[in-house]
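> Next comes the sequence, and after it the predicted model I'd like to discuss.
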Amino acid sequence: MRNSNLLKTIVKIGTCGAIAWSALTFGTAGDKAHAATPTSTELIASSKEFIGTPYKFGAKAGSTASFDCSSFTQYIFKSFKVWLPRTSAAQASMGTKVDKASLSMGDLIFYKTNGKSISHVAIYAGNNKIIHSSSSQGVTITSMNSSYWKGKYVTARRVL
């Protein structure tokens, strides 16, 4: 009887230990969003200075008179000493992949708006919002959870 109780105690301790180890290793700790840094907060503030700037497909790189989505992100990140290629598809290969649940201010978010491939890039502004150059509104802040954007999400990258 005594051996049976001892065996049960060992099994309980082992099971509890395995559950605790699994929770620490595979649990939600890896899914937590990263805190904004002073640099990413400054990047979003700088981006907001361009709200209302008109959209122009193929806008000239470096120009602030108008932006398309990728010229906007390229311009903003260049002022923070981060080089990005000119197109959204090319920008999607930069930096480190970020899980959607772990987004942090300043991360690049990529969308499939043409139904085929990555065709739009935005900057994560925190609180499920993006700042981007929209073809209908120019530079604006939009909810990622809107019916339009929610189904078009592809991936995110951290370049800061």
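That came in fine, so what should we check first?
> okay, CA-based contacts and neighbour counts for the rest of this
Will do.
> which residues in the protein form strands?
96-97, 108-111, 120-126, 129-134, 138-143, 153-158 (DSSP state E).
> Take these and lay them out in a markdown table including distance to Pro38 and mean neighbour count.
As requested, those are exported to a markdown table (distance: least, Cα to Cα, whole Å; neighbours: other Cα atoms under 10 Å):
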| stretch | distance to Pro38 | mean neighbour count |
| --- | --- | --- |
| strand 96-97 | 19 | 14 |
| strand 108-111 | 17 | 25 |
| strand 120-126 | 13 | 26 |
| strand 129-134 | 18 | 26 |
| strand 138-143 | 20 | 20 |
| strand 153-158 | 15 | 20 |
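> would CSV of these with mean pLDDT be doable?
Shown next, in CSV, are the strands of the chain (pLDDT from 0 to 100):
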stretch, mean pLDDT
strand 96-97, 98
strand 108-111, 98
strand 120-126, 98
strand 129-134, 98
strand 138-143, 98
strand 153-158, 97
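> So which of those strands is nearest Glu42?
Distance to Glu42, taken as Cα to Cα, is lowest for strand 120-126 among these, at 10.8 Å.
> Please find the angle between the direction vectors of that closest one and strand 129-134.
Counting by axes from the mean of the first three to the mean of the last three Cα atoms, to 10 degrees, strand 120-126 lies at 150 degrees to strand 129-134.
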